[in-house]
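J.: would you be able to build a 3D model of this:
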Amino acid sequence: MIGASLAAGTSQIFMSIMLKPLTVEFGWSRTAATGAITAGTLVAGIVSIMFGRLADRYGPRLLTSLGAVVTAGVYLAMTRVTELWHFYAVYIIGRVVASNTMAKVVPNTAVVNWFRRMRGRALGLLAMASPLGAALLAISGQHLIEHRGWQSVFLVYAGVIVVLVAVPAALMLRRRPEDMGLLPDGGPMSGSAASPKQNAFEDEEYSWKLKAALRTPTLWLIISAIVVALSVNAGIGFHQVAYYTDVGIAGTAAVAALSIYALSGALANAVWGFLTERFSERQLASLVMLLTAAAILYLQTIRTQTGAMIFAILFGLTSRGEDTLVNIILAQYYGRDAYGTITGFVYPFHMLGLGLGPIVASISFDVTGSYHAVFSFFVFAAVAASACIWLAKKPVPPAGNQKTPR
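T.: Below you'll find the predicted structure:
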């Protein structure tokens, strides 16, 4: 969770507060600067299948500690950026390393290996880290920008990530409980007080191989929902501050709303994760995507600081839960033995969605001079994503597939 929090320094949410300082100082257009975010996000997705296979084989100890060191180096290099191509090169490296080793594929694989009965809440709590980290980094980053300049932000974060992530990860993280003579959750669940959904985990869990999973329509419906939903979330999330200031809301208030959005999103991840132990994760995911569409309709009416704060809470509680719920669906549908490999395959589509949203919104803004058209499009896209995930029912395991021991 600490690693994912500090990796948020390469996320769209955090980089959104850097958009205006960078474009003002260097004279770049919003589209040119946002292009680096899109490129980094897409490249991170393309190579994620490699990190997924490495996560299944080696676990988080080596990958997270090395990733933290590289990310710290990227933060230091960011302070030396003077040309647009410098920014692209440095940011792409940082996005690739931080998102795969500290925030998504590697830590998610570790959590799925260590937890089964409490997997939903564990993934939900882990997912809290990125938006919570983005909120804290945005608040501290804005303070540093106003008093020390934007370069100081990355200098401070580089030191923090070495001390709080690189060293502890090397000392404490392990691949899976079986390596230490343990079982997930400490062993099979027992007792009559458990919920029906929890008791279902007593059944053997099928572990799919990637090749077999790719033959199921369910996986492709999930992928479709991921691309569309995350395009919507990233487009809205990245352009929130710019939109608020464009409609007359003060910059400080706009950043405060962004932080509240990240904080409410952090809470949502845990809430939705816990709810999957009682309710269908597929139905919950479909519901939050519909609620996201409703929140975006409300966004287009906002002209005051109060309205921005209300939207930040609503959008955080809905949109930020989608990613967590999809990760839980993948774990519950396809098992844990090849979870890193399967999510590594899915993650490029995840990053495609994250990369498309901001650049599509930027182009729409540069062409039309406002966000109205693209925000209206995002409403319909969120509804389409909800339909895809609703249709993505659990696949029937192939005959002879291996079971994961309890």
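J.: quick one, what contacts the closest residue to G124 other than its chain neighbours?
T.: Using Cβ to Cβ, 6 or more residues apart in numbering and skipping residues adjacent in sequence, the residue nearest G124 is G273, 1.7 Å away. Every residue, glycine included, has its C-beta placed from N, CA and C. Contacts were defined as Cβ atoms under 8 Å, 6 or more residues apart in numbering; by that measure G273 touches G120, R121, A122, L123, G124, L125, A127, T324, I328.
J.: from those residues, which is closest to K393?
T.: The nearest member of the contacts of G273 to K393, counting by Cβ to Cβ, is I328 at 14.9 Å.
J.: re earlier: who wins for neighbours among the contacts of G273?
T.: For those, the largest number of neighbours (other Cβ atoms under 10 Å) sits with A127, at 31 neighbours.
J.: that one and E322 touch, don't they?
T.: No: in this structure A127 lies outside contact range of E322 using Cβ atoms under 8 Å: 10.2 Å.
J.: quick one on the thing from earlier: with distance to T306 added, can I get the contacts of G273 in a markdown table?
T.: Putting the contacts of G273 into a markdown table (distance: Cβ to Cβ, whole Å) gives the following:
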| residue | distance to T306 |
| --- | --- |
| G120 | 34 |
| R121 | 33 |
| A122 | 36 |
| L123 | 33 |
| G124 | 29 |
| L125 | 31 |
| A127 | 28 |
| T324 | 28 |
| I328 | 34 |
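J.: about what we covered before: which strand or helix spans the residue nearest to G124?
T.: helix 251-275 (DSSP states H and E).
J.: next secondary structure element downstream of that helix?
T.: The next secondary structure element downstream of helix 251-275 (using DSSP H and E) turns out to be helix 281-299.
J.: tell me which residues are up against that following helix.
T.: Residues lying outside helix 281-299 but in contact with it, judged by Cβ under 8 Å, 6+ apart, are 120, 225, 229, 232-233, 236, 243, 272, 275-276, 310-311, 314-315, 317-319, 321-322, 325-326, 328-329, 332, 375, 378-380, 382-383, 385-387, 389-390, 392-394.
J.: if any of the residues you listed are buried, give me the ChimeraX selection for them.
T.: Entered in ChimeraX, the line below selects the buried ones among the contacts of helix 281-299, by 16 or more other Cβ atoms under 10 Å:
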select :120,225,229,232,233,236,243,272,275,276,310,311,314,315,317,318,319,321,322,325,326,328,329,332,375,378,379,382,383,385,386,387,389,390,392
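J.: from the contacts of helix 281-299, which land in helices?
T.: Among these, the members found in helices (DSSP state H) are 120, 225, 229, 232-233, 236, 243, 272, 275, 310-311, 314-315, 317-319, 321-322, 325-326, 328-329, 332, 375, 378-380, 382-383, 385-387, 389-390.
J.: all strands of the protein, in order?
T.: Listed in chain order, the strands found in the chain under DSSP state E are 205-206, 403-404.
J.: mean pLDDT lowest where, among the ones you listed?
T.: Ranked on mean pLDDT, the bottom entry among the strands of the chain is strand 403-404, at a mean of 48.
J.: need the contact list for P395.
T.: Each residue near P395 by Cβ under 8 Å, 6+ apart is listed here: A213, T216, P217, T218, L219, Y333.
J.: and the first one, how many neighbours?
T.: Residues contacting A213 under the criterion other Cβ under 10 Å number 21.
J.: how close does it get to G124?
T.: Per Cβ to Cβ, to the nearest Å, A213 is found 23 Å from G124.
J.: likewise V153?
T.: V153 sits 29 Å away from G124 when distances are taken as Cβ to Cβ.
J.: and the closest residue to G73 other than its chain neighbours, what is it in contact with?
T.: On the basis of Cβ to Cβ, 6+ apart, the spatially nearest residue to G73 that is not a chain neighbour turns out to be A158, at 7.5 Å. Going by Cβ under 8 Å, 6+ apart, A158 touches A72, G73, Y75, L76.
J.: touching, the first one and V162? I think so.
T.: Pointing back at A72 there. Yes: counting by Cβ under 8 Å, A72 sits close enough to V162 to count as a contact (5.0 Å).
J.: neighbour count for these two, which is higher?
T.: Neighbours of A72 and V162, each counted by other Cβ under 10 Å, are more numerous for A72; the result is 24 against 17.
J.: confidence score at that one?
T.: So A72 comes in at 92 (pLDDT).
J.: pull the contacting residues for it.
T.: Residues in contact with A72, defined by Cβ under 8 Å, 6+ apart, are Y157, A158, G159, I161, V162, A166.
J.: please report how far the fourth one lies from H86.
T.: Here I161 is placed at a distance of 21 Å from H86 (Cβ to Cβ).
J.: just the fifth one next, same as before
T.: In this structure, V162 and H86 are 23 Å apart, going by Cβ to Cβ.
J.: tell me the contacts of G340?
T.: Contacts here follow Cβ under 8 Å, 6+ apart; on that basis G340 touches F51, G52, R53, L54, A55, D56, V105, V106, T109.
J.: what pLDDT does it get?
T.: Value for G340, per-residue pLDDT: 85.
J.: so that it lines up with my notes, have the first residue be 54 from now on.
T.: Will do, 54 is the new start, and the previous item becomes G393.
J.: got a pLDDT number for A253?
T.: pLDDT, A253: 45.
J.: would you list the phi and psi of T329?
T.: phi -70, psi -10 (degrees, to the nearest 10).
J.: need the contacts of A125 in JSON lines (columns: pLDDT).
T.: Written out in JSON lines, the entries for those read as follows (pLDDT from 0 to 100):
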{"residue": "Y210", "pLDDT": "89"}
{"residue": "A211", "pLDDT": "90"}
{"residue": "G212", "pLDDT": "88"}
{"residue": "I214", "pLDDT": "93"}
{"residue": "V215", "pLDDT": "91"}
{"residue": "A219", "pLDDT": "90"}
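J.: out of these, which is nearest to P230?
T.: A219 (23.8 Å).
J.: quick check: Q204 touching T135?
T.: No: checked against Cβ under 8 Å, the pair Q204 and T135 is beyond contact range at 11.0 Å.
J.: more neighbours: these two, which one.
T.: Neighbours per residue, other Cβ under 10 Å: of Q204 and T135, the larger number sits with Q204, 16 against 9.
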